[in-house]
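In: Okay, here's the prediction I keep looking at, along with the sequence it came from:
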Amino acid sequence: MQQRSLGPGARDVTAISFGGMPLSIQGRPDDDVAIRVVHSVLDAGVTLLDTADVYCLDATDYGHNERLFAKALGSWSGARDDIVVATKGGMTRPAGRWERNGRPEHLKRACERSLDALGVECIDLYQFHAPDPRVPFADSVGALAKLQEEGKIKWVGLSNVTVEQIDEAGTMVQVVSIQNRLNPFFREAIDTGVVRHCTDRGIGFLAYSPVGGGRLNKKLPTHSVVAPIAERLGASPHAVVEAWVKAQGPNVIVLAAGRTIEHALDSLTADGLELTADDLTAIDAAEFSTAR
């Protein structure tokens, strides 16, 4: 599989990597099924797994996805040291809601909880999940810098951030990667210059929700632009869209997902898809409605 730099000072990982959220939230499969899904993408060559402490059902279930990845890696026949595991802290799940908590004391507890769930002494990539408007951004980033100094984090990343926040964080710590949403339905990472900013600085850009999420991705098989391209290439519409996301920059790493082996492996076929300039232009210009 194609390799891309995770970011400054970090190692290369697969351009199509795997995000574990669907395996642990509402509608998740049984753990044994989920572990087989993770094994399938690892066997296919994926070298980056992305998770978070809040990929779970609610506050009684923190760390579910992290524990799932730990079990999958522990029972996998491949070389564990070849795999980068990225996780996040800075959100909570009271009664199943998604809420932000960027307080330094929360991030410290969350990191220590993630270390335990993953069964490691140092997390490969620890990402601040989302800025908390109630907490100075510098305080949150400072907490991650301290955790790195303590040897609990190898590399620091940010998620759901702006260009200005990337630069502010960069004055405090080496920012290796940014994880923001990017798909044809939601292009704010392109429109606000985040992808370009990361490219110019050699920062890895981890694209989450590359096909738009559960409701929107169902529109892709009948999309007037995507469907004909997929038919011509003998690929799924979802893989075509992921290939478009991957083409947005040499540093873009697509976080594919799937609750089944079939869907997870189909996403990985985007690695070998080379869209033409005309294909990219057509998708750029197409309308992708978010209406129900």
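Out: Noted; the coordinates are in hand.

In: Going by C-alpha atoms from here, please, whenever you check contacts or count neighbours.
Out: Noted.

In: List of residues touching the helix ranked longest in the chain?
Out: Criterion DSSP state H: the longest helix present in the chain is helix 104-118. Applying C-alpha atoms under 8 Å, 6 or more residues apart in numbering, the contact partners of helix 104-118 are 53, 63, 66-67, 69-70, 87, 89-90, 101, 121-123, 139-140, 142-144, 147, 152.

In: out of those, which are inside helices?
Out: Glu66, Arg67, Phe69, Ala70, Asp139, Ser140, Gly142, Ala143, Leu144, Leu147.

In: Could you dump those residues into TSV with pLDDT, distance to Asn251 and neighbour count added?
Out: Shown next, in TSV, are the ones in helices among the contacts of helix 104-118 (pLDDT from 0 to 100; distance: C-alpha to C-alpha, whole Å; neighbours: other C-alpha atoms under 10 Å):
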residue	pLDDT	distance to Asn251	neighbour count
Glu66	98	25	31
Arg67	98	29	18
Phe69	98	25	25
Ala70	98	27	19
Asp139	98	28	14
Ser140	98	25	24
Gly142	98	25	16
Ala143	98	26	19
Leu144	98	23	28
Leu147	98	26	20
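
In: Which of those sits closest to Phe18?
Out: Phe69 (11.0 Å; C-alpha to C-alpha).

In: How about the contacts made by that closest one?
Out: Ile35, Val38, Leu118.

In: again with Asn217
Out: By C-alpha under 8 Å, 6+ apart, the neighbours of Asn217 are Val211, His238.

In: Just confirm it is within a helix.
Out: Yes - under DSSP: H, G, I helix; E, B strand; the rest coil, Asn217 sits within a helix.

In: Show me the strands in the stretch 101-250 of the chain, by range?
Out: 123-128, 153-159, 175-181, 204-208 (DSSP state E, counting those that start in this stretch).

In: so which of those strands is the most packed in?
Out: strand 204-208 (a mean of 28; mean count of other C-alpha atoms under 10 Å).

In: who's in contact with stretch 229-243?
Out: 183-184, 210-211, 217, 220-221, 226-227, 254, 256, 266-271, 273-275, 279.

In: Name only those of those that count as buried.
Out: Buried members of the contacts of stretch 229-243, counted by 16 or more other C-alpha atoms under 10 Å: 183-184, 210-211, 217, 220-221, 226-227, 254, 256, 266-271, 273, 275.

In: List the ones among these that fall in helices.
Out: Val226, Ala227, Asp266, Ser267, Leu268.
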